[in-house]
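Enquirer: Structure, please.
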Amino acid sequence: MSAARVAIAQLNLCVGDLAGNVRRLAQAARQAHAQGADILLTPELAITGYPPEDLLLRPRFLDDAQAAFETLRQELAGLKGLHVVLGHETRRGGKLYNAASVLLEGGVLGTYCKRELPNYAVFDEQRYFASDTAPLVFEVKGVRFGVNICEDIWFDAAPKAAAEQGAQVLLVPNASPFDIGKQRQRAEIAGRCVRETGCALVYANLAGAQDELVFDGASFALDAAGRLAARLPDFTETVAVLQVGADGSVQCPQGPEPVVEALPLEARVWEALKLGVRDYLGKNGFPGAIIGLSGGIDSAVVLAIAVDALGAENVRTVMMPSRYTADISLDDAQDMAQRLGVRHDDIPIVPMVQAFEQALAGQFAGLPADATEENIQARVRGVLLMALSNKTGRLVLTTGNKSELTTGYCTLYGDMAGGFAVIKDVPKTLVYRLARWRNTLSEVIPERIITRPPSAELRPDQTDQDSLPPYDVLDAIIERYMEENQSVDQIIAAGHPAEAVEQVVRLLRINEYKRRQAPPGPRITPRAFGRDWRYPLTNGFRERPRG
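Expert: Predicted coordinates for the structure are as follows:
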């Protein structure tokens, strides 16, 4: 039986780091060649990193990317017999294409240009790229391989065109970002593609983070019967070699090691958040992180993620108690910092808050106390954290969750002040699940932090539920309205209280101005605030029950 060895390069590449990406790709090619691979499959737009966004509008960037392509082509010339399927951009006739070229010993056997250009959710490929319909099929050791790129296999045309040209195996470079349901979705789409074409399929995905997007790797191969033959680890760089036959069989020459079980949901989310933090700080050159630790569940989870991502020596915490801070908050914050081995400091804010109140006393004369006084406390804390950030170069990690960001239960220029919002796409109910899951590995979060009623501690006896529906109700409404685009009527018909639904929808609408000014943070749900949420700030639409 004719067969060829295909190596999957599951790499962590950086947008715009052309020289660094070339080095990683060349290293992966040498590794694959040493392992006897005939083909190396790289991720989508591997030269530029994904997504390069408006860098693609810079002529100099495109020139440098082409030069990087030529540099890599020459570096790979000495790897005899290795066909490298390389993701890159290319220009033809005044148009720009998302492409993959097959390189062999310094030459280019052919170039495939992506047919299906996604333009939804986090994707804007039609802003930059033109589409092409020509298939590319090449033969190695008696096996005919077709190239499709990412979105191509979500539709029929490109895989069908490759199969009609005689492809027996589809090679698919990808830059497919993580969300909670994406791995299942990919498996379903790839399985359908195999069933409809009769081709085996090898899928190579990025494994790294870029701004708000996290790429989970989890590359895989399906044989021509649609069976999972290999799956690479989540969130990890690796190069794995498979043997692919002309009959559509896929085997692992080194045994079953490349087949990896999917992680449970909490573990996948934790790893995504951890990778998001590590790559955002690492790729942008920050020496470490600073966190305002409150003794509450959100800052506790952010701290645990940061330490797992960066190491305790690169994380410091600051407790900034007010007159309303409970003693148990002080104790629990100190306890957790000790458990994780991070530097922890206390900076009481009472004198600073009093100075603000005195300065404003004449302006506020005769007016009742309200959220203004609460927000002053939060903004004093924001000033302190940003001052420490300026002085040390460390990045402030904010601690607000998706439930708070949806409803505006956060203070602009206060607890929203910082550089990276670690759990901005994590609903509060999932925050609790993550805390309990992390404690199954080692009990780093004190139990009392998890079981205490959540509170901002900005006024006496305050709890979150004074202002918001219970979090299980709130998060269910957010998921339906914000992520699934269900109407108010549909959500009420599903059994959620009309009053709560209308409250959440109203709060979501009036707090858009806050979210526009929020720091970036890792996307882990199918729809996050940021790249795939584009609501107008000035908005006269009001959605209310029809009845």
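Enquirer: Please identify the buried residues of the helix or strand where residue 60 lies?
Expert: Using DSSP states H and E, residue 60 falls within helix 59-75. Buried residues in helix 59-75, counted by 16 or more other Cβ atoms under 10 Å: 61, 62, 64, 65, 66, 68, 69, 71, 72, 73, 75. Backbone N, C-alpha and C define where each C-beta goes, glycine included.
Enquirer: and of these, the nearest to residue 362?
Expert: Nearest to residue 362 among those is residue 61, at 54.6 Å by Cβ to Cβ.
Enquirer: Who are the contact partners of the closest one?
Expert: By Cβ atoms under 8 Å, 6 or more residues apart in numbering, the residues touching residue 61 are 16, 48, 52, 55.
Enquirer: Which ones among those residues lie within helices?
Expert: Applying DSSP state H to those, no entry is found in helices.
Enquirer: ok, back up a step: got the buried residues of helix 59-75 as a markdown table, with distance to residue 128 and pLDDT columns?
Expert: Below are those laid out as a markdown table (distance: Cβ to Cβ, whole Å; pLDDT from 0 to 100):
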| residue | distance to residue 128 | pLDDT |
| --- | --- | --- |
| 61 | 11 | 98 |
| 62 | 10 | 97 |
| 64 | 16 | 98 |
| 65 | 12 | 98 |
| 66 | 15 | 97 |
| 68 | 18 | 98 |
| 69 | 17 | 98 |
| 71 | 23 | 97 |
| 72 | 21 | 97 |
| 73 | 23 | 96 |
| 75 | 27 | 95 |
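Enquirer: Any chance of TSV for the contacts of residue 61, columns pLDDT?
Expert: Putting the contacts of residue 61 into TSV (pLDDT from 0 to 100) gives the following:
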residue	pLDDT
16	97
48	98
52	97
55	98
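Enquirer: List only buried entries from these.
Expert: So, by 16+ other Cβ under 10 Å, the buried ones in the contacts of residue 61 are 16, 48, 52, 55.
Enquirer: mind checking how far the closest residue to residue 2 other than its chain neighbours is from residue 33?
Expert: Take residue 2 and drop its neighbours on the chain: the residue closest to it by Cβ to Cβ, 6 or more residues apart in numbering is residue 142, 2.8 Å away. Here the criterion is Cβ to Cβ, to the nearest Å. By it, residue 142 lies 20 Å from residue 33.
Enquirer: between these two, which one's more packed in?
Expert: Between residue 142 and residue 33, counted using other Cβ atoms under 10 Å, the more crowded position is residue 33 (19 against 12).
Enquirer: those helices in the stretch 201-350 of the chain, which residues are they?
Expert: In the stretch 201-350 of the chain, the helices defined using DSSP state H, counting those that start in this stretch lie at 265-283, 297-310, 327-340, 350-364.
Enquirer: tell me the most buried of the ones you listed?
Expert: Greatest average neighbour count among those goes to helix 297-310 (a mean of 25), per mean count of other Cβ atoms under 10 Å.
Enquirer: what's the spacing between it and its chain's center?
Expert: Averaged C-alpha coordinates place helix 297-310 at 17 Å from its chain's average position (Cα atoms, centre = their mean, to the nearest Å).
Enquirer: what's the angle between it and helix 265-283?
Expert: Going by axes from the mean of the first three to the mean of the last three Cα atoms, to 10 degrees, helix 297-310 is angled at 60 degrees with respect to helix 265-283.
Enquirer: model confidence over the host helix or strand of residue 503, on average?
Expert: With secondary structure defined by DSSP H and E, residue 503 is part of helix 498-510. Averaging pLDDT along helix 498-510 gives 95.
Enquirer: Could you pick out the longest helix of this structure?
Expert: Ranking each helix of the chain by length (DSSP H) puts helix 371-392 first.
Enquirer: Please list the outside residues in contact with that helix.
Expert: So helix 371-392 is contacted by 287-288, 290, 292, 318, 320, 322, 324, 347, 349, 352-353, 356-357, 364, 394-396, 411, 413-419, 456, 458-459 (Cβ under 8 Å, 6+ apart).
Enquirer: Keeping just the C-alphas, turn stretch 176-196 into CSV.
Expert: What follows is stretch 176-196, C-alpha atoms only, in CSV (Å, rounded to 0.1, in the frame of the first residue of the first chain):
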residue,chain,number,x,y,z
SER,A,176,-9.1,28.2,14.8
PRO,A,177,-9.6,30.1,18.1
PHE,A,178,-10.8,28.4,21.2
ASP,A,179,-14.2,28.7,22.8
ILE,A,180,-16.0,26.2,25.1
GLY,A,181,-17.8,24.4,22.3
LYS,A,182,-15.3,24.8,19.5
GLN,A,183,-13.6,21.4,19.7
ARG,A,184,-16.9,19.5,19.4
GLN,A,185,-17.9,21.8,16.5
ARG,A,186,-14.6,21.2,14.7
ALA,A,187,-15.0,17.4,15.0
GLU,A,188,-18.5,17.5,13.6
ILE,A,189,-17.5,19.7,10.7
ALA,A,190,-14.4,17.6,9.9
GLY,A,191,-16.4,14.4,10.1
ARG,A,192,-19.0,15.7,7.7
CYS,A,193,-16.2,16.7,5.3
VAL,A,194,-14.7,13.3,5.4
ARG,A,195,-18.1,11.6,4.8
GLU,A,196,-18.9,13.8,1.9
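Enquirer: where's that stretch relative to the chain centroid, distance-wise?
Expert: Put simply, stretch 176-196 sits 17 Å off its chain's centre (Cα atoms, centre = their mean).
Enquirer: Just the buried positions in it, please.
Expert: 176, 177, 178, 179, 182, 183, 186, 187, 189, 190, 193, 194.
Enquirer: now this structure, which segments are flagged as low pLDDT?
Expert: Filtered on pLDDT under 70, the chain yields the residue ranges 1, 254-261, 455-459, 461-466, 547.
Enquirer: farthest residue from the center of it?
Expert: Using Cα atoms, centre = their mean, the residue of the chain lying farthest from its centre is residue 366. It sits 48.4 Å away.
Enquirer: residues contacting the residue nearest the centre of the chain?
Expert: For the chain, residue 214 is the residue whose C-alpha lies nearest the centre (Cα atoms, centre = their mean; 2.5 Å). The contact partners of residue 214, taken as Cβ under 8 Å, 6+ apart, are 177, 178, 208, 235, 272, 273, 275, 276, 522, 523, 524.
Enquirer: Just the buried ones from the contacts of helix 371-392?
Expert: 288, 290, 292, 318, 320, 322, 324, 347, 349, 352-353, 394-396, 411, 414-419, 456, 458-459.
Enquirer: and stretch 17-32, which residues are buried?
Expert: 18, 21, 22, 24, 25, 26, 28, 29, 30, 31, 32.
Enquirer: hmm, who's touching it?
Expert: Contacts with stretch 17-32, where a contact means Cβ under 8 Å, 6+ apart, come from 7, 9, 11-14, 40, 42, 46-49, 64-65, 67-68, 71-72, 75-76, 79, 82, 84, 86, 239, 241, 283.
Enquirer: 7 Å instead, please
Expert: 7, 9, 11, 13-14, 40, 42, 46-47, 49, 64-65, 68, 71-72, 75-76, 79, 82, 84, 239, 241 (Cβ atoms under 7 Å, 6 or more residues apart in numbering).
Enquirer: Over to stretch 238-252?
Expert: 1-10, 28, 31-32, 35-37, 142-143, 168-169, 199-200, 202, 221, 223-224, 229-230, 232, 253-254, 258-259.
Enquirer: Could you check how far stretch 497-508 is from the centre of its chain?
Expert: 28 Å.
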